[in-house]
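Participant: when you get a sec, could you give me coordinates for this:
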Amino acid sequence: MSIFGTRAARAAVVVLAAGSLALTGCSSNNGGGKGGSEPKGHSKEDAAKQAAAVSFGDAKASTGPAAEVPGAKPGGTINVYQTDDFSHLDPAQTYVSDGRALGRLLHRGLTQYQEDDNGKLTVVGDIATDSGKTTDGGKTWTYTLKSGVKDQNGTEITSADVRHTIERLYAPFVTDGPVYLQNWLSGEGTTYRKALPDGPYKGKHLPDTVLATPDPKTVVFKFKEPQADLPQALAMVGYSIVPQKADTKEKYDTAPSSLGPYKIAEFKPGKSMKLVKNPHWDPKTDSVRHQYVDGFNITFNMDDESQTKAILADRGEAQNAIQLTGTVATTQVRNVISNPEAKKRTIAGYQPYVWQLNFNLDRMKDKKVRDAIALAMPNANVFQPDGGAYGGEIATGLIAPTVPGFEKDYDPFGKLKKPLGDIEKAKKLIKEAGAEGKKVVYAYANTPKRQQQAVVIENALTKIGLDVQKKEIDGATWYEQVGKVNNGLDLYMTGWGQDWPSMSTVIPPLFDGTQLQDGSSVYSHINDPKVNAEIARIKKITDPAEAQKAWTALHHDIVERINPAAPLYFTKSLQIQGSNVGGARYSHEMSVIDITRLYLKK
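Facilitator: Here you go, the predicted model:
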């Protein structure tokens with residue numbers, strides 16, 4: 001998934017977010033300066049919690065209403081400050097962290113995550129009665145739909161809507177969402193589209209031997225290989241329900257039909273969005289979400305600096321404000337952490353994202369040049385504009401600390417010893433490659449953090465003898481533009497985090513060349529036969545420990561033999577809320593504030 005500006009886990013995320021744009025910087029390594037200890041949630045132990053395996057909930061755990069948030073009161077409107085507009089509103093196209101966060105209010109899928117106060121995650125049924133049932137080791141999965149789940153028009157959801165949701169993922173206009181389910185049902189890589197090239201729009205459907213809906217309440221998935229992770233995959237916002245009667249194809253991306261507790265009442269692209277209560281959402285069908293406030297007013301074009309200053313001042317409407325995917329600005333970290341009252345209004349946690357500088361392997365063919373750039377990167381400076389030590393830490397590889405199998409001592413580019421980069425060694429490689437004066441097109445997003453990071457990265461590239469051609473790109477459409485196969489770029493940052501705790505949601509989405517197409521997350525355009533074959537082999541390993549060992553070995557091979565991307569930094573989050581906002585906590589599943597449980601104190 002990616003994070004805002006990053007694409008997670010495109011995971012991601014997340015990230016990610018991940019889940020979106022990643023950030024920049026230079027200044028002191030600690031970012032926050034003096035005046036406060038590391039906030040709760042930023043230790044390696046906290047990261048390890050996010051790497052823990054999830055549990056699976058039965059019908060009781062999946063039955064609403066959700067447990068009440070202590071002290072919660074109804075009424076009022078929460079103000080949400082956002083840097084950029086959402087790149088997509090159609091859930092099938094949503095894979096970055098800001099869209100994922102918004103999706104928690106608007107969209108519902110077959111499953112979802114339930115999180116306790118300790119961050120423990122359980123997959124439960126969302127519109128389904130439980131997390132799923134399988135009787136043959138994961139080849140066949142059956143879901144029964146709850147009664148009373150309706151969209152914002154009052155239309156009850158049936159298995160026909162679920163089938164339509166899955167089949168429209170094959171349509172040519174859907175390019176930016178996850179592809180796990182499509183690959184599992186219809187073939188690896190981009191070949192899945194051949195199974196239903198027009199989606200369901202010309203009367204054709206996936207065969208019942210793959211996807212069956214024997215009655216209005218039953219959905220059956222049938223796979224050739226066991227897919228034990230299906231419940232986690234279905235919890236992704238990318239697989240949320242699109243009601244058949246409400247589907248407007250491409251136009252759905254600007255006006256989706258909500259199944260969640262809130263719906264879009266007003267949307268001014270690039271300016272603002274207003275959410276109000278969805279009267280057809282029934283809390284009895286939902287064991288996770290709440291509908292405490294009357295709505296959310298979302299304002300775009302507020303960078304982290306503006307967000308932080310307004311919420312820190314805590315005056316007027318800012319008392320009711322939150323950061324959705326934004327974080328405390330680097331310049332304001334000391335002011336927040338050293339102020340006891342303000343620090344009480346913060347939440348913090350590890351994020352699953354790895355920010356990396358991708359090499360377009362179609363254009364950057366010399367590995368010596370790629371290695372030189374990776375060595376030259378001043379990692380310790382790059383993450384400073386992203387909150388300093390409160391927003392990130394040096395990345396030594398392409399696997400985050402929140403992923404099972406993370407190796408804290410794996411450091412092929414020597415970043416722990418030389419966090420500001422090894423310019424001399426990099427210059428030597430550039431000379432050996434005969435690349436002095438080589439022109440490289442370096443793209444970055446037009447957000448303040450990215451612009452600051454661009455200065456840091458350009459300086460390092462210039463120092464080792466490269467001729468940097470900078471290209472600024474709109475942050476709101478960052479992933480759409482760098483995700484094009486013929487993007488005309490050499491270097492560009494992305495952030496990726498796992499879609500669930502497994503390397504299988506990091507390595508295949510990023511490095512499986514058979515997935516390469518416009519909109520895919522194979523940002524480096526890697527298409528190595530050995531890597532592709534090994535990914536296919538490991539996917540068939542059913543023993544988790546054996547699979548993790550194989551993924552780790554493949555990670556080493558990708559980084560050391562190919563080097564498709566220079567690791568920059570692992571991300572953390574520090575967010576601040578207004579004093580009148582109640583119920584705020586860090587979500588280990590979303591890697592940002594848990595927006596499903598917020599209320600206003602007065």
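Participant: how about residue 429, phi and psi?
Facilitator: phi -70, psi -40 (degrees, to the nearest 10).
Participant: check what pLDDT it gets.
Facilitator: Listed pLDDT for residue 429 reads 98.
Participant: what about it, how many neighbours?
Facilitator: 22 (other C-beta atoms under 10 Å). From N, CA and C alone the C-beta is placed, and that goes for glycine too.
Participant: contacts only, for it.
Facilitator: By C-beta atoms under 8 Å, 6 or more residues apart in numbering, the contact list for residue 429 reads 368-369, 371-372, 375.
Participant: so which of those is the closest to residue 147?
Facilitator: The closest of the contacts of residue 429 to residue 147 turns out to be residue 371 (C-beta to C-beta; 58.8 Å).
Participant: the closest one: what's it in contact with?
Facilitator: 413, 426, 429, 563.
Participant: kindly report the same for residue 294.
Facilitator: Taking C-beta under 8 Å, 6+ apart, one finds 74-77, 276-277 in contact with residue 294.
Participant: ok, now with 6 Å
Facilitator: 75, 77 (C-beta atoms under 6 Å, 6 or more residues apart in numbering).
Participant: go on, residue 411?
Facilitator: Taking C-beta under 6 Å, 6+ apart, one finds residue 396 in contact with residue 411.
Participant: same question, residue 134
Facilitator: residue 141.
Participant: for it, phi and psi?
Facilitator: Residue 134 adopts backbone torsions of phi -130, psi 140, taken as degrees, to the nearest 10.
Participant: just the pLDDT at it, thanks.
Facilitator: Predicted confidence (pLDDT) for residue 134: 94.
Participant: now it: how far from residue 228?
Facilitator: 8 Å (C-beta to C-beta, to the nearest Å).
Participant: same check on residue 459?
Facilitator: Noted for residue 459: a distance of 47 Å to residue 228, by C-beta to C-beta.
Participant: just to revisit the earlier point, can you put the contacts of residue 429 in CSV and add pLDDT, distance to residue 56 and secondary structure?
Facilitator: Listed next are those as CSV, based on pLDDT from 0 to 100; distance: C-beta to C-beta, whole Å; DSSP: H, G, I helix; E, B strand; the rest coil:
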residue, pLDDT, distance to residue 56, secondary structure
368, 98, 48, helix
369, 98, 47, helix
371, 98, 43, helix
372, 98, 47, helix
375, 98, 44, helix
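Participant: please enumerate the strands of the stretch 401-550 of the chain.
Facilitator: 439-445, 467-473, 491-497 (DSSP state E, counting those that start in this stretch).
Participant: not counting the second one itself, show me its contacts.
Facilitator: Yep, that's strand 467-473 we're talking about. 437, 439, 441-443, 445-446, 458, 461-462, 481.
Participant: tell me which of those residues is nearest to residue 249?
Facilitator: Taking the contacts of strand 467-473 together and measuring to residue 249 by C-beta to C-beta, the closest member is residue 481, at 22.4 Å.
Participant: before we move on, back to that, out of the strands of the stretch 401-550 of the chain, which one sits most buried?
Facilitator: strand 491-497 (a mean of 32; mean count of other C-beta atoms under 10 Å).
Participant: figure out how far it is from the centre of its chain.
Facilitator: 11 Å (C-alpha atoms, centre = their mean, to the nearest Å).
Participant: now that strand: mean pLDDT?
Facilitator: 94.
Participant: what packs against it?
Facilitator: When contacts are defined as 3 or more C-beta pairs under 6 Å, 6 or more residues apart in numbering; DSSP states H and E, strand 491-497 packs onto strand 346-359, strand 439-445.
Participant: tell me the strands beside it, with direction?
Facilitator: strand 346-359 (antiparallel), strand 439-445 (parallel) (DSSP bridges).
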